[in-house]
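Asks: make a model of this:
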Amino acid sequence: MKADVVLADGGTVHLRPITPDDADRLVAFHGRLSDRTRYFRYFGAYPRIPPRDLERFVTVDHHNRVAFVTLLGDDIIAVGRYERLHDAEGNYTGQAEVAFVVEDAHQGRGIGSILLEHLAAAAQESGLDRFVAEVLGENAQMVRVFRDAGYQISRVLEEGVLHLEFAIDPTEDSVAVARAREQAAEARSVHNLLHPTSVAVIGASTDPTKVGYAVLTNLLTADFTGPVYPVNAERRSVRGVRAYPRVLDIPDPV
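Replies: Modelled structure (predicted):
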């Protein structure tokens, strides 16, 4: 399961299963987490990942043990995983424990909700029917992710730890929540396109027969009040406006 997903703020990240090649990325990701985030995820300090844990984290069977990473560029910014539980006799059950952690700088962007949706879908494909999670009672943000997912969740608080349990079959509420999240994210993803503060015209042309001429002319003569940057590798200016050889050469944000 691989996907480019749109976040709550309109940004886009890549989601895919974890692989052993992610070991160095996972170590770097773990090192960027704050002490508080590590404590919430591991219920302790856990300042570094021991080699034995690292191997286990990046090596999964994609059935009883599943993990997804969310990447921005080449960097892991979130990890979600589930592990199927055993009964007293050591046999696999239809339940799995689910957990995820999001880098501090990217918390609040809806990544936890997206990971939960994809983990639930993968679990159903593997024959699982329930998720359980252990969450510190003070970790309000994580509790909110589970609460707002639309599942019927049972909660038991014991010694400051919330034990959450819920069926992962899609409900009317969970489907509606996912659909609303996707629609809101897609709307925000095109906001900058529909409400630009500046525009670069790549291929701006001095030839009236070219599209690049028409686009630039329309921008310059319309009501758009932001700066317009012609991009033309062969001209110092186009239609009296300073041009740049590449978008990267423009000194201001586009």
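Asks: quick one: low-confidence ranges for the stretch 1-150 of the chain?
Replies: For the stretch 1-150 of the chain, no stretch has pLDDT under 70.
Asks: tell me where it has helices.
Replies: Under the criterion DSSP state H, counting those that start in this stretch, helices of the stretch 1-150 of the chain are mapped to 23-32, 35-42, 51-58, 111-125, 140-147.
Asks: any idea which of those helices is most buried?
Replies: Burial of those is given as mean neighbour count (mean count of other Cβ atoms under 10 Å); helix 111-125 ranks first at a mean of 21. Quick note: C-beta positions are derived from backbone N, CA and C, even for glycine.
Asks: and it, what other elements does it pack with?
Replies: strand 12-17, strand 65-72, strand 75-86, strand 92-102, strand 130-136, helix 140-147 (3 or more Cβ pairs under 8 Å, 6 or more residues apart in numbering; DSSP states H and E).
Asks: which residue packs closest to residue 153, ignoring adjacent ones?
Replies: In space, and not counting its chain neighbours, residue 153 is closest to residue 166: 4.3 Å by Cβ to Cβ, 6 or more residues apart in numbering.
Asks: what about that neighbour, is that helix, strand or coil?
Replies: Taken by DSSP: H, G, I helix; E, B strand; the rest coil, the conformation at residue 166 corresponds to strand.
Asks: so it bridges to which residues?
Replies: Beta bridges link residue 166 to residue 131, residue 153, judged by DSSP bridges.
Asks: any chance of JSON lines for the helices of the stretch 1-150 of the chain, columns distance to residue 66?
Replies: Output for the helices of the stretch 1-150 of the chain, formatted as JSON lines (distance: least, Cβ to Cβ, whole Å):
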{"stretch": "helix 23-32", "distance to residue 66": "15"}
{"stretch": "helix 35-42", "distance to residue 66": "17"}
{"stretch": "helix 51-58", "distance to residue 66": "12"}
{"stretch": "helix 111-125", "distance to residue 66": "5"}
{"stretch": "helix 140-147", "distance to residue 66": "18"}
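Asks: to residue 178, which of these lies closest?
Replies: helix 111-125 (5.8 Å; Cβ to Cβ).
Asks: who touches that closest one?
Replies: Residues from elsewhere that reach helix 111-125 (Cβ atoms under 8 Å, 6 or more residues apart in numbering): 1, 3, 5, 7, 13, 15, 62, 66, 68, 70, 77-78, 80-82, 96, 98, 100, 102, 131, 141-142, 145-146, 148-149, 168-169, 178, 181.
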